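K.L.:
After the sequence you'll find the predicted model.
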Amino acid sequence: MKWRNGGVTAAKGFCATGIEAGIKKNGKDMAMIYSEAGCRAAGTFTTNLVKAAPVKWDQDIVYGKNIVHAVVVNSGVANACTGEEGLGYCRATAAKAAEIFGIGEDQVLVASTGVIGQQIPIDKIQAGIEQMKPLLSPEEAGGTLAAEAIMTTDTVKKETAVELELGGKTVTIGGMCKGSGMIHPNMCTMLSFVTTDANISQEMLQKALSASVPDTYNMVSVDGDTSTNDTCLLLANGLAENPEITEEGGDYEAFLAALNEVNTYLAREMAADGEGATVLFEVKVVGAESKEQAVTLCKSVVTSNLTKAAIFGCDANWGRILCAMGYSGASFDPEKVDLYFESAEGKIKIIENGVSTGYSEEEATNILSAPAVTAIADVKMGTATATAWGCDLTYDYVKINADYRS
């Protein structure tokens, strides 16, 4: 496997673009992904009981195992808590795309992100679809426009791509996502779109995505709020012409590993771009007796507001980390825990067997001053590990969310 430039247009047969349709006050706010070749589709969605209309629309298509050709995305308005009218606008969006491409309504996926409770301006959405069709491009620039158009409070676009060889054929996986606030497992206020030219059955495509999400997107938290719109879609059009993956084996494992790399990269990018964030905060739990225990512990630390505030202040306040582990619900012996801080500035052991090592505060502060910081907790109970990603908690997080609608 190797990294390459690009995003959702990196794989053969995929085109994309993004435009300013007038949904937001300013900036790009509509994107489209299109493949003339029909795609098998897989998806994972928000666990929030309050599900936005696009989530319901996409679930019906993905779970119905429909062939998909297009994805239409808008930012600025979430189309959540909008009742039957909002669901009707999903159908109207799909109908317009179906009309201009000569495909079925049930071959169009839709996604929205933005303010909850407002009806989407369907006239602008439909006009935007017409405007985007002639602009669709298979070039990297087309994917970049799409990645920019799905941003809300994001400060940077998020896209990546990888290549691997399956059955003697070059297979590409590319993706883009958005997410900055209302980010919390399971799944976040995130929209993620991953495309591949791999030839893989729908069943194995869904199996791969469902296996990848728990260790990638579900390990990200910015603020503890689980969104109404979380959607991760994976489309495969088969144009790489590798032997079809229909069961587990070497090709499936290689595809899953590459998919994990793409999803991990995008997940980390969301954490690093958390609203108001200045630090990417990574938490690793090692030496756990089970994966479940490791996941519970590192999620508890990465979501601790007191810990996140300490990271913002470059303060090696390790008691907050041990405290967060203690209320996680996972059983461990606090008097056996070792804790380290690590960054590009170095690595320091903060506690050993639950007590301070007498470390240098100056050295710890220097390590914590880096733009990416990792806390490593060894609970000395086994061999299981887990990693979670979050960010520091800053003054700007409150400012951004206090002024979000105004």
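P.N.:
Perfect, I can see it now.

K.L.:
Looks to me like K207 is in a helix.
P.N.:
Yes - per DSSP: H, G, I helix; E, B strand; the rest coil, K207 lies within a helix segment.

K.L.:
Kindly provide the distance from it to T44.
P.N.:
12 Å (C-beta to C-beta, to the nearest Å). Using the backbone N, CA and C atoms, a C-beta is placed for each residue, glycine as well.

K.L.:
which one of those two has more residues nearby?
P.N.:
T44 (23 against 18; other C-beta atoms under 10 Å).

K.L.:
What are the buried residues along the host helix or strand of that one?
P.N.:
Assessed by DSSP states H and E, T44 sits inside strand 30-45. Applying a neighbour-count criterion of 16 or more other C-beta atoms under 10 Å, one finds 30-35, 38-45 buried in strand 30-45.

K.L.:
Distance from it to the middle of the chain?
P.N.:
Centroid separation for strand 30-45 versus its chain: 16 Å, with C-alpha atoms, centre = their mean, to the nearest Å.

K.L.:
elements contacting it?
P.N.:
Applying 3 or more C-beta pairs under 8 Å, 6 or more residues apart in numbering; DSSP states H and E, we find strand 30-45 packed against strand 14-19, helix 53-63, strand 68-77, helix 122-132, helix 140-149, strand 191-196, helix 202-212, strand 231-236.

K.L.:
what angle sits between the first one and helix 122-132?
P.N.:
An angle of 130 degrees separates the directions of strand 14-19 and helix 122-132 when computed by axes from the mean of the first three to the mean of the last three C-alpha atoms, to 10 degrees.

K.L.:
Against which helices or strands is strand 14-19 packed?
P.N.:
Counting by 3+ C-beta pairs under 8 Å, 6+ apart, strand 14-19 packs on strand 30-45, helix 122-132, helix 140-149.

K.L.:
what does the third one give?
P.N.:
Under the contact criterion of 3+ C-beta pairs under 8 Å, 6+ apart, the helices and strands touching strand 68-77 comprise strand 30-45, helix 83-101, strand 108-115, helix 122-132, helix 140-149, strand 191-196, strand 231-236.

K.L.:
any idea which of these scores lowest on pLDDT?
P.N.:
For the helices and strands packed on strand 68-77, the weakest mean pLDDT is recorded on strand 108-115, namely a mean of 93.

K.L.:
Give me the angle between that one and strand 231-236.
P.N.:
150 degrees.

K.L.:
Can you list the buried residues in strand 108-115?
P.N.:
Result for strand 108-115 [16+ other C-beta under 10 Å]: buried residues 108-114.

K.L.:
One more: stretch 137-150?
P.N.:
So for stretch 137-150, counting by 16+ other C-beta under 10 Å, buried means 137-138, 140, 142-150.

K.L.:
Please tabulate the residues you listed in a markdown table and include distance to S212 as additional columns.
P.N.:
A markdown table is the format used below for the buried residues of stretch 137-150 (distance: C-beta to C-beta, whole Å):
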| residue | distance to S212 |
| --- | --- |
| S137 | 28 |
| P138 | 25 |
| E140 | 24 |
| G142 | 25 |
| G143 | 20 |
| T144 | 24 |
| L145 | 26 |
| A146 | 21 |
| A147 | 20 |
| E148 | 25 |
| A149 | 25 |
| I150 | 20 |
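
K.L.:
And these, which two are furthest apart?
P.N.:
Using C-beta to C-beta, the two most remote members of those are P138 and I150, lying 18.6 Å apart.

K.L.:
Which elements pack onto the host helix or strand of L266?
P.N.:
Using DSSP H and E, L266 sits within helix 250-272. Helix 250-272 is packed against strand 159-166, strand 169-178, strand 191-196, helix 202-212, strand 280-288, strand 384-391, with contacts defined by 3+ C-beta pairs under 8 Å, 6+ apart.

K.L.:
now these as CSV including distance to I125?
P.N.:
Below are the helices and strands packed on helix 250-272 laid out as CSV (distance: least, C-beta to C-beta, whole Å):
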stretch, distance to I125
strand 159-166, 23
strand 169-178, 17
strand 191-196, 16
helix 202-212, 27
strand 280-288, 34
strand 384-391, 32
